[in-house]
Structures are given as structure tokens and as C-alpha cells.
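*Asks:* only geometry, no sequence info:
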């Protein structure tokens, strides 16, 4: 560069590259682009429209859940009870619909249950001042336990018969895109609007970057916390409905799977720091798409299950290391519940 | 003379009285000492069921059948539910060894995890029946599907449709569950034994779904993008393969891809056969397995041999369910069993 023979265009490129390497988002973007290019050359039908749609669709539900999680994480919280809320509220709605309630009433009750769960968790964190990770970890077990004990006996609940329109939603498409992807896109736009255009959104960032200052300047901290967990619960419920309509059933066993870590993987990979105060919808999209590319490519390459888990684990580890290099922990950023 | 007549009369009378008494006793039947002993021996015994998890068709079905017999014969029947956690299951089994029930009915998460504890339990005098998923360590009894046979039947059915010149191509996909479970390990062995005799058939994808229907759906979705001429698919469990089937239907390839799956014969699985989602459903018939399990429990509670001394096994019969024989006899609901 010192020779001066390199055009300003390319030096600007290097500058941009340097800048993006300093942020985790940039690193993941480069990794995603690299993986995408490699797979496009290696795998004959990777770049086909059909496969790209399948790719995004396979991670859309994960993406929707990650949107809910992102909203909470930005305000310095975490909600690991999302899967429990999702499976119990939807499974209960299906059971009710089979026992004589109209399907619509049952869906409404399911939604109310999710809201109540969110409210309970919010109260626990806002007024009980329990660290979010512990409150939601415990709440997850309580919600799942309640469901298994009182609401339904079988973990696998099929969509109640006679509601073909519901299963149709999962199969339908809009402008050639499956409804699952459309729902993800709409929620992305909605959350983007909330985060950038509303007072609620700005206060979320304020709470995340400096709770003490946010309180002093008059942000209604406690109602805000309750609202966040209620929103993430409703998002979980929506994700559950979409999941159920696309697989014709909901399986409460998902609570025991690694899905909640996959959601965190998306959030952290996308570059939303777990210590709050930063992150946008585009980070969630980036994280979701990157996980999608990885999973899709590994499925096409027919890579062994254990190796796939190893790769996923390694990528998460790398992302966390990158996160702590880019956003080093110090007095100011370390927080209660920061494990 | 007269005395002898009198004696004869008396004797006759005595005989008649005895006969009448005996006859009236016969009217009320004879006590069957074997039945009394049977009930006595089973009464107040303790049987514990340690499943993979409660809450799904197989374990709920077996438990319903076992609970019914326990109530009939007066022994106690308990369930320890580790909810899919192998750790919790290991802890439960260890504490059962100190509790010493008479029989443990064990459902193994994989072929290795409980192997040592099974030996320990038997040397502590507890008899063990393994149900449907085996461990590497054999015990007093095993009742359940022969997974190798399921694999063989599934692969033969697919080979019938997809061998050279028979289907659109010779490509097939396999959806497994969790790679270490008996159902996977032995079934794959069965599948590949058959496929070796049909070298033209190529397995283009073999992926684990972790028994998750949505994951199965997205895997099949991706596979069908890559191999639009896929001819057949073998799934390892009906609960997950609703997802596999819905991906095939959505791609509009319901008539092209021949899907074989297996399960306990639950009504939901049968409905999917009726709807044409599963082309062949190999059922290991949970109510029948429950009955055989009950006979084994009763036998083990009676025999006097030490735990682990005599080892038996019974691979339960399989039924191939297609659209032609979806009926009451082959399909069940949980309420039927209660």
C-alpha cells in the first residue's frame, strides 16, 4: 500500500474490511459469505431457488423465536423459558379443541396462557428482582411441568381434526414464498419498527446499555420488563402455531431438545451482545441465515449427526470468543446474571 | 339277624349322609390350590417401570396395560419418569437398586448407558425385563421388537419399489433417530444387510432427526431439492416421520417417493397410512407387547431362580400395515387400553 500504486477504491475496500473484522457482525457476515460461496461451487443444486427457499424456511421458526429473544437480550435480559411456553400453550390449545371447545376459543386460551406465563416471569424479574437467567430457567421447568401434569398426557399433539385450514397455513405460500418465511419477514419488519421508531424501543436500548441511567431519566423500568417477557411469550406462541401448522403437530419434547441453545446461537452469532444495549433486527437475520447455510450445507453433504453437532458447537464457541474480544468485559459491562 | 340288618341300614344311612354332604360340597366347587398360590405369590410384590419418558404413545400404552394387571392381581406398580434424560434415568436406576423392588421393567435410551447397572441390579436380586429397546447387557427377559427384522422388512419393501428398472431412480434416503439407540443401531444393520444384495440402490442421505418431526421435515425438504428423482425413504419412527411425509407431500411427490416407517400401531400412525402419507407402516403392536410383558412379569414374580440366572427373550410379531389393512385389530388408541 505504501507504494502508492493501489487505487483509492481498493484502499477503501481494505478499510471497510478492516472495520468489519473488528465487529463480530462483520466476522460472521464474512464467514456466511464464505460458506455460501463454497457450498455454491461444491454442491450442484445449492444455488437453486428451491433449495434457497428450503434453506430459509428450515430456520424461519428459529428466526422468529430469536426475534423474541433479541428483544429481551437487548434490554439486558434473557428468556430461556421460550420453548416451554411455546410447546405448552400450543399443545394445551390443541387438547382443549379436542375436548369440545371451538378451535378459535382454544387458540385464544392458549394465547392467554402464554401471556400469563410472560406476566408471571416479568413480575418475578421486575418485582422479585431475580436474575433473568435463573427466573426463566426455573419458570421453564414450572411451565413444562404444569403442562405435562395438568394439561396434556401425550407429548405429541396433532392438529385437531376438522381444521384443515390451519394445516393449510403451513403448506400455503405467498408470492412463491412459504408462509413460514413470510411470517418471519413480517415479524422482522414489525420488530425493526418497534426498535427504531418507538419510545418503547429506544428505552429498551437505554435499559440495556445503562439501567441505572435509564431509571434516573424516568424510564418505567418495571412495566418495561414485564412487557418484554410478555412479548417474548407471545412470539413463542406464534412460533409454536406456525411450527404446528407446518409439521401438522406439536411435540412437547422440544423442551428437552437443544432448541433454546440454537436460538441463543442465532442471537449471539448475529452479533447481539449478551450484555445488552446493542443489536438490531439485521443481526438476527444474519445469525439465522448463517445457521441456515451451515445446516443446509451439512445436510446436503450428508455429514454425520455427531460431526454436525461438533461443528455447531465449535461455531458457537468461536462466536463467543470473538464476542469477548470485540466487546471485552469490564466493570461497566459486567452484570448480574452474566455467567 | 336283626342286628345285622340294623347295621346295614345304619351303614347305608351313613353312606347316604356322607354322599349328600360331599355332593353339596361339590356344588360349591373345589378350591384350586394353584390359583390360591398364584394370587398369594403375586400379591404385595413391587414392580417398577423405568421408561425413556412417559408422555408418548408407546410408554403410555405399555403402562396402561401393565397397570391394569397390577390392579387385578394386587401387586404395586410404579413409574419413574426420567423425561428423556439419560442422567436422570441412571440416577433412578441406581436408587432402585437400593430400594429393591421385585421386578424392574426397563426401557433403554441406548445400548450402553444402563449396561453396568443392569448387572448390578441383578446381582442385588432384582429381576429385570427390558422392553422394546435393548441394552448390550442381557437380563432375565427381553420383550420387544426385533429391530434387525424391521430393518430387513423396510429395506426389502423399498428395494421392491426402487431397484434397477422398478422406480423413477434407485435413490433412497434414510431418516434415523438418535444414532446410539438400539432402534437405530440394529435397524441400520438390517437395512444394509438387504441393501448389499441390491447394489444398484444408492443411499443418498442418512441423517439423524433426534425424533423431531420438524427436523425430519426440513431434512427431507432439502434432500428432495438435491435429488428430485428420489424413489424411496425409510424412517425409523412414525412420530418423527409425519414430518418426513409432509415434506414429501408438499413437494408434490407423494406418488413418487415410497415411504416406509415403523411404530407401535397407534391410531395416529394408522390415520397417516389411510391418508396415504405412509406407504408402509411396520407395527410392533403395543397392546400385544403389553400383554406379553404382563405374562413375563407374572412369570418372574413366581419363579424361584435367582435374578439373572435364566435369560430369555421374545421378539414380538410385526404387522405390515398398508391402506388395505388399517383396521380395529391393528390400530389402537390409549383410551382402548385403559
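*Replies:* Yep, that arrived. Remember, it's a predicted structure, so these values are computed and weren't measured experimentally. Numbers count the residues shown, from 1 in each chain, chains lettered A, B, ... in the order given.

*Asks:* how about the residues of chain A near chain B?
*Replies:* By the rule CB under 8 Å from any CB of the partner chain, the part of chain A lying against chain B is A:43-45, A:48, A:50-51, A:54-55, A:57-58, A:61, A:148, A:153-156, A:158, A:171, A:243, A:246-249, A:251-254, A:256-257, A:295-296, A:299-300, A:302, A:305-306. (Each C-beta comes from the backbone N, C-alpha and C, glycine too.)

*Asks:* which of those residues are buried?
*Replies:* Restricting these to buried positions leaves A:43, A:51, A:54-55, A:57-58, A:61, A:148, A:154-156, A:158, A:171, A:243, A:246-249, A:251-254, A:256-257, A:295-296, A:299-300, A:305, with burial counted as 16 or more other CB atoms under 10 Å in any protein chain shown.

*Asks:* got any ranges where chain A has weak pLDDT?
*Replies:* A:1-10, A:13-22, A:323, A:327-339 (pLDDT under 70).

*Asks:* Nearest spatial neighbour of the residue nearest to the spatial centre of it, chain-adjacent residues omitted?
*Replies:* For chain A, the residue whose C-alpha lies nearest the mean C-alpha position (CA atoms, centre = their mean) is residue A:66; its distance is 0.8 Å. In space, not counting the residues next to it along the chain, residue A:66 is nearest to residue A:266; the distance is 4.1 Å by CB to CB, 6 or more residues apart in numbering or on different chains.

*Asks:* if I look at the one you found, how far off is chain B?
*Replies:* Plainly put, residue A:266 is 15 Å away from chain B if you go by CB to the nearest CB, to the nearest Å.

*Asks:* wait, isn't that residue in contact with residue A:289?
*Replies:* No - here residue A:266 lies out of contact with residue A:289, judged by CB atoms under 8 Å, at a distance of 9.4 Å.

*Asks:* between the two, which one's more packed in?
*Replies:* Higher neighbour count among residue A:266 and residue A:289: residue A:266, with 28 against 21, using other CB atoms under 10 Å in any protein chain shown.

*Asks:* Following the chain past the helix or strand encompassing that one, name the next helix or strand.
*Replies:* Assessed by DSSP states H and E, residue A:266 sits inside helix A:259-270. Secondary structure here is assigned by DSSP H and E; on that basis, the next helix or strand after helix A:259-270 toward the C-terminus is helix A:281-300.

*Asks:* Okay, angle between that next one and helix A:259-270 too, please.
*Replies:* Note on geometry: by axes from the mean of the first three to the mean of the last three CA atoms, to 10 degrees, helix A:281-300 and helix A:259-270 are set 120 degrees apart in direction.

*Asks:* And helix A:281-300, how far out from the chain middle?
*Replies:* Between the mean C-alpha point of helix A:281-300 and the mean C-alpha point of its chain there is a distance of 12 Å (CA atoms, centre = their mean, to the nearest Å).

*Asks:* what does stretch A:167-178 give?
*Replies:* Counting by CA atoms, centre = their mean, stretch A:167-178 comes out at 21 Å from the chain centroid.

*Asks:* what does stretch B:153-163 give?
*Replies:* The chain centroid and the centroid of stretch B:153-163 are separated by 24 Å, computed with CA atoms, centre = their mean.

*Asks:* now do stretch B:38-46
*Replies:* 24 Å.

*Asks:* got the end-to-end distance for that stretch?
*Replies:* Here the two ends of stretch B:38-46 are set 15 Å apart, with distance taken as CA to CA, to the nearest Å.

*Asks:* Now do the buried residues in it.
*Replies:* Judged by neighbour count using 16+ other CB under 10 Å, the buried positions of stretch B:38-46 are B:41-42, B:45-46.

*Asks:* Show me these that map onto strands.
*Replies:* Secondary structure from DSSP state E places residue B:46 of the buried residues of stretch B:38-46 in strands.

*Asks:* pLDDT and distance to residue B:86 for the buried residues of stretch B:38-46 - can I get that in TSV?
*Replies:* Written out in TSV, the entries for those read as follows (pLDDT from 0 to 100; distance: CB to CB, whole Å):
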residue	pLDDT	distance to residue B:86
B:41	87	34
B:42	88	32
B:45	93	28
B:46	94	24
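
*Asks:* Now the buried residues of stretch B:38-46 in CSV, please, with extra columns for distance to chain A.
*Replies:* Written out in CSV, the entries for the buried residues of stretch B:38-46 read as follows (distance: CB to the nearest CB, whole Å):
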residue, distance to chain A
B:41, 33
B:42, 28
B:45, 27
B:46, 24
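
*Asks:* Go through the buried residues of stretch B:38-46 and say which is closest to residue A:100.
*Replies:* Within those, distances to residue A:100 taken as CB to CB reach their minimum at residue B:46, with 39.3 Å.

*Asks:* before we move on, the earlier item: for the helix holding residue A:266, list every residue counted as buried.
*Replies:* Along helix A:259-270, these residues count as buried under the neighbour rule (16+ other CB under 10 Å): A:259-260, A:262-270.

*Asks:* What of stretch B:331-338?
*Replies:* Of the residues in stretch B:331-338, those scored as buried under the neighbour-count criterion (16+ other CB under 10 Å) are B:331-332, B:334, B:337.

*Asks:* So which residues make contact with it?
*Replies:* Contacts of stretch B:331-338 from elsewhere in the structure, counted by CB atoms under 8 Å, 6 or more residues apart in numbering or on different chains, are A:153-154, B:57, B:60-61, B:64-65, B:68, B:265-267, B:269-270, B:286-287, B:290, B:321.

*Asks:* Next step: those residues restricted to helices.
*Replies:* Among the contacts of stretch B:331-338, DSSP state H puts B:57, B:60-61, B:64-65, B:68, B:267, B:269-270, B:286-287, B:290 in helices.

*Asks:* Please list only the buried members of these.
*Replies:* The neighbour-count test (16+ other CB under 10 Å) marks B:57, B:60-61, B:64-65, B:267, B:269-270, B:286-287, B:290 as buried among the ones in helices among the contacts of stretch B:331-338.

*Asks:* Which residue ranges of the chain form strands?
*Replies:* I'll assume chain A. So, for chain A - with DSSP E - the strands run A:156-158, A:173-174, A:177-178, A:249-251.

*Asks:* oops, chain B please
*Replies:* B:46-50, B:76-79, B:103-106, B:127-131, B:141-144, B:171-176, B:202-208, B:232-235, B:258-263, B:280-283, B:312-315, B:319-321.

*Asks:* Within its sheet, name the partner strands of the second one and how each one runs.
*Replies:* Looking back up the chat, that one is strand B:76-79. Pairing partners of strand B:76-79, with direction, according to DSSP bridges: strand B:46-50 (parallel).

*Asks:* The longest one now?
*Replies:* Each strand pairing with strand B:202-208, determined using DSSP bridges, is listed with its direction: strand B:171-176 (parallel).

*Asks:* Taking their axis directions, the strand it pairs with and strand B:258-263 sit at what angle?
*Replies:* Computed by the same axes, to 10 degrees, the angle separating strand B:171-176 from strand B:258-263 equals 20 degrees.

*Asks:* avg pLDDT for strand B:171-176?
*Replies:* Looking at strand B:171-176 alone, the average pLDDT works out to 94.

*Asks:* Identify all contacting residues around stretch A:38-53.
*Replies:* Stretch A:38-53 is contacted from outside by A:176-178, A:181, A:293, A:296-297, A:300-301, B:222, B:225-226, using CB under 8 Å, 6+ apart.

*Asks:* swap in stretch B:90-105?
*Replies:* In contact with stretch B:90-105 (CB under 8 Å, 6+ apart) are residues B:45-50, B:62, B:66, B:75, B:78, B:80, B:82, B:106, B:113-114, B:117, B:120-121, B:124-129, B:131, B:293, B:297, B:300-301.

*Asks:* Same check on stretch B:274-285?
*Replies:* By CB under 8 Å, 6+ apart, the list of residues contacting stretch B:274-285 from outside reads B:132, B:144-145, B:150, B:153-154, B:157, B:238, B:241-242, B:245-246, B:248-249, B:254, B:258-265, B:269-270, B:272-273, B:316-323, B:326, B:330.

*Asks:* filter these by proximity to chain A?
*Replies:* B:242, B:246.

*Asks:* check contacts around the closest residue to residue B:107 other than its chain neighbours.
*Replies:* Once flanking residues are discounted, residue B:107 sits nearest to residue B:51: 4.4 Å by CB to CB, 6+ apart. Each residue near residue B:51 by CB under 8 Å, 6+ apart is listed here: B:59, B:62-63, B:79, B:81-82, B:107.
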